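Q: Requesting a structural model of the entry that follows:
(one chain, ligands or ions: 1)
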Amino acid sequence: MTNIKKRLISIKNTIYLAQSSSAKQGDSVTLLAVSKTWSAENIHQANQAGQRHFGENYLQEALKKITLLQDLDIEWHFIGPIQSNKTKEIAAHFDWVQSLDRAKIAQRLAKQRPENKPDLNICIQVNIDDESSKSGITPSELFSFAHQISQINGLVLRGLMIIPTKTGHEEQQRIAFKKAYSLFEQLANQYPTVDTLSMGMSADMILAIEEGSTMVRIGTALFGQRAKPINNNTKLSELNNE
Ligand SMILES: *Cc1c(COP(=O)(O)O)cnc(C)c1O
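A: The predicted model follows:
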């Protein structure tokens, strides 16, 4: 068994246990494998082991991998900051965009979505800690922004994505997650298409699931520590030597 397969099994087990101990009686939790900096070969292995959802942050890096792996059954999620001049390729090659926080970008994605593709799945990125330095719209802007998005043909509003500030304090982390869950619940009551609360990464996935996450975005725990600076060519052989 490959290391990736072993880790996938272990992560799924962690998700299952966290869900079992969660007070929330939600749907099952989807695992998004965050494959930024990892090779097409690494993604292929995870896919062979049953993983379907992959998240990428950098467009040029992602496009190479998407092209190489086009015959596989994979759903691609864009989870990085979006510049206007990147929307065309994102609309053409991704199934989800989780980092939407500007109406102008939404309009462009919709207009540039190829007609033979289903509506693009959208999660609105919310700046849950309301810090001016961070991406995402503020909680107070969420409902008017969601209304705008829901009116755009070619997009389907699926939910929210949050990246809370790392505090190291479990209780503070929980407060951010609870706040996100409450926004998600209100949104889901208004829009029947909303079913996704994307929150939780390698370090805090258990907490996030206990607080109602429906999608965890996992990189490090699955593929290993990312090389710094970002190295596109990291091979599985290096990963196995950890
Ligand atoms: C890199 C990244 C992740 C994965 O983080 P890990 O700590 O490696 O699990 C999740 N979400 C976003 C938005 C990321 O950029």
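
Q: Go through the chain and flag its longest helix.
A: Secondary structure of the chain per DSSP state H: the longest helix is helix 170-190.

Q: Return the list of helices and strands in contact with that one.
A: Counting contacts by 3 or more Cβ pairs under 8 Å, 6 or more residues apart in numbering; DSSP states H and E, helix 170-190 packs against helix 142-150, strand 155-162, strand 196-198, helix 205-210. Every C-beta, even on glycine, is put in place using the N, C-alpha and C of the backbone.

Q: can I get the ones you listed in a markdown table with mean pLDDT, distance to Ala103 and mean neighbour count?
A: Shown next, in a markdown table, are those (pLDDT from 0 to 100; distance: least, Cβ to Cβ, whole Å; neighbours: other Cβ atoms under 10 Å):
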| stretch | mean pLDDT | distance to Ala103 | mean neighbour count |
| --- | --- | --- | --- |
| helix 142-150 | 98 | 5 | 16 |
| strand 155-162 | 98 | 11 | 25 |
| strand 196-198 | 98 | 20 | 27 |
| helix 205-210 | 96 | 28 | 22 |
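
Q: The nearest residue to Pro164 once chain neighbours are set aside and Ser22: what is the separation?
A: Once flanking residues are discounted, Pro164 sits nearest to Ala176: 3.9 Å by Cβ to Cβ, 6 or more residues apart in numbering. To Ser22, Ala176 is 17 Å away according to Cβ to Cβ, to the nearest Å.

Q: of those two, who's got more company?
A: A side-by-side neighbour count of Ala176 and Ser22, using other Cβ atoms under 10 Å, places Ala176 first with 21 against 17.

Q: right, and the more buried one touches Asp130 too?
A: No - with contact defined as Cβ atoms under 8 Å, Ala176 does not reach Asp130; the gap is 10.2 Å.

Q: picking up where we left off before, quick one, what contacts the residue nearest to Pro164?
A: By Cβ atoms under 8 Å, 6 or more residues apart in numbering, the contact set of Ala176 is Ile128, Asp129, Ile162, Pro164, Thr165.

Q: Just put these in CSV and tack on distance to Gly219 and secondary structure.
A: Shown next, in CSV, are the contacts of Ala176 (distance: Cβ to Cβ, whole Å; DSSP: H, G, I helix; E, B strand; the rest coil):
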residue, distance to Gly219, secondary structure
Ile128, 20, coil
Asp129, 21, coil
Ile162, 16, strand
Pro164, 16, coil
Thr165, 18, coil
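
Q: Farthest pair within those residues?
A: Farthest apart among these by Cβ to Cβ are Ile162 and Thr165. That separation is 10.4 Å.

Q: got the residues of this protein near the ligand?
A: Neighbours of the ligand within the chain, by Cβ under 6 Å from any ligand atom: 34, 36, 57, 79, 163, 201-203, 217-221.

Q: In the chain, what residue lies closest to the ligand?
A: Here the residue of the chain nearest the ligand is Gly219; by Cβ to the nearest ligand atom that distance is 2.8 Å.

Q: what about that residue, how many residues close to it?
A: Using other Cβ under 10 Å, Gly219 has 21 neighbouring residues.

Q: before we move on, what about Pro139?
A: Pro139 has 18 nearby residues by other Cβ under 10 Å.

Q: check contacts around it.
A: Val126, Asn127, Ile128, Asp130, Lys179, Leu183.

Q: any chance of those residues in JSON lines, plus distance to Asn42 and pLDDT?
A: Shown next, in JSON lines, are the contacts of Pro139 (distance: Cβ to Cβ, whole Å; pLDDT from 0 to 100):
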{"residue": "Val126", "distance to Asn42": "30", "pLDDT": "98"}
{"residue": "Asn127", "distance to Asn42": "31", "pLDDT": "96"}
{"residue": "Ile128", "distance to Asn42": "30", "pLDDT": "95"}
{"residue": "Asp130", "distance to Asn42": "36", "pLDDT": "80"}
{"residue": "Lys179", "distance to Asn42": "34", "pLDDT": "97"}
{"residue": "Leu183", "distance to Asn42": "34", "pLDDT": "98"}
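
Q: Kind regards, and thank you for your time.
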